[in-house]
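Chemist: Attaching a predicted model along with its sequence, questions to come.
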Amino acid sequence: MRTSFACCLCRAAAVALVAALGVNAGEWPRFRGPTGQGISAETGVFRCLDAAGGKVLWRNRVRGEYYASPVWANGRIYAVNQKGETTVLEAGPTFKVVASNALGEKCFASPAVAHGAIFLRTAAHLVRIGKP
């Protein structure tokens, strides 16, 4: 089964993650949504869609309001809300939160993945998570 999440690649099969936060396929009819701005009216809701037919496999709320885009790395989806709380989801057809952590500062930037690490820019710091 092919699944999709929000704007990333899922698993080694390189399945596109196309679900937008908080909207169903009918409400997100084109690239970057109905207004072309990539903004959802509902916040903190993740949906997993079957890439082949658009069927919603799961829909779950995670804590906080999100400005930054989630990213995919090594089979997981990383999302940071505006308060700087990170949520790590397993990329798959069932909803599973792998971890939640607080950065201790506001965060509006999308995480970046490079050289086996995840980089997060908060209001005052650049955080690197990964092996040295």
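Modeler: Looks like it arrived, so ask away. Numbering: from 1, shown residues only.

Chemist: How many neighbouring residues does residue 131 have?
Modeler: Counted with other C-beta atoms under 10 Å, the neighbours of residue 131 add up to 6. Bear in mind the C-beta positions are built from the backbone N, C-alpha and C, glycine included.

Chemist: Need the per-residue pLDDT for the closest residue to residue 94 other than its chain neighbours.
Modeler: Excluding the flanking residues, the one nearest residue 94 by C-beta to C-beta, 6 or more residues apart in numbering is residue 58, at 6.5 Å. You'll see residue 58 listed with a pLDDT of 89.

Chemist: Flag every buried residue along whichever helix or strand residue 58 is part of.
Modeler: Taking DSSP states H and E as the criterion, residue 58 maps to strand 56-61. Judged by neighbour count (16 or more other C-beta atoms under 10 Å), strand 56-61 contains these buried residues: residue 57.

Chemist: And for stretch 82-92?
Modeler: 84-89, 91-92.

Chemist: ok, the strand holding residue 58: who's next to it in the sheet?
Modeler: strand 45-50 (antiparallel) (DSSP bridges).

Chemist: For the partner strand, give the mean pLDDT please.
Modeler: Per-residue scores along strand 45-50 average to 82.
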